[in-house]
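Trainee: below: sequence and its predicted model.
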Amino acid sequence: MMNQDDLKRAVALAAIQYVPADCIVGVGTGSTANFFIDELAKIKNKIRGAVASSEASAKRLQGHGIEVMSLNEAGALEVYVDGADEITRHMHMLKGGGGALTREKIVAGASRKFICLCDASKLVDVLGKFPLPIEVIPMARSSVARQLVALGGQPMLREGFTTDNGNIIIDVHGLKIMNPVELESELDHIAGVVTNGLFARRAADVLLLGTADGVKTMTVS
């Protein structure tokens, strides 16, 4: 019986085939991304380097001797590899459980192909059972929270957490996200919101899903 770490390791290994030779790889954040970084280290001589979506991932990459570049110096990326907290069959994702959603969204947006790595428990019909993270400028915390309540959510400050950008995270509970593209845009237009954890306008291109029967590859048909 494969445990969750085994599934994460399996999808991380499968993701290596999507990394072109001599490229700069966009790398996500979290436990699944960490397994991918460990696999990437085995082919580090075949790539030019990586762009990390968090300080934690940058540190892990550097620990393996992989050169970490800024997105500004790297330019457009061939591929971005990251996990998700939830994903639908339309490849819309809810991300940001680790709090790195803004940098993840920036690096994903600069990448030609987004490879999402998940175990089968993350595949859902409707996003929103997992609380939706929103990165917020600290002075706007209360005003943003009031508007989230008006949208039907139950906002909770992520206590004792500061993002790599120096901001706070509000986790929104109780949302049933029927139209993620629309809601992503609506949330981003609230003054004080840096970004939100819906990755629907820039959805995943490929989902590598870890199951008891092996890794399944899914794309939007």
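Mentor: Received it, and whenever you're ready, just let me know what you need. On a predicted model such as this, the values are computed, not experimentally measured, just so you know.
Trainee: OK, contacts around residue 69?
Mentor: Residue 69 makes contact with 24, 49, 50, 51, according to Cβ atoms under 8 Å, 6 or more residues apart in numbering. C-beta: built from backbone N, CA, C; applies to glycine.
Trainee: quick check: closest non-adjacent residue to residue 184.
Mentor: Using Cβ to Cβ, 6 or more residues apart in numbering and skipping the chain neighbours, the partner closest in space to residue 184 is residue 198 (3.9 Å).
Trainee: partners of that neighbour in the sheet?
Mentor: residue 94 (DSSP bridges).
Trainee: the bottom helix or strand of the chain by mean pLDDT?
Mentor: Within the chain, no helix or strand scores below helix 4-15, which has a mean of 93 by mean pLDDT, DSSP states H and E.
Trainee: who touches the helix or strand following that one?
Mentor: Moving toward the C-terminus from helix 4-15, the next helix or strand (DSSP states H and E) is strand 24-27. Identification of contacts with strand 24-27 by Cβ under 8 Å, 6+ apart yields 19, 33, 36-37, 40, 47-53, 57, 61, 69, 74, 77-82, 107-108, 110-111.
Trainee: strand partners of strand 24-27, parallel vs antiparallel please.
Mentor: strand 49-52 (parallel), strand 77-83 (parallel).
Trainee: would you mark the buried spots in the biggest strand by length in the chain?
Mentor: Looking across the chain with DSSP state E, the single longest strand is strand 111-119. The neighbour-count check on strand 111-119 (16 or more other Cβ atoms under 10 Å) flags 111, 113, 114, 115, 116, 117, 118, 119 as buried.
Trainee: right, I'll leave it there.
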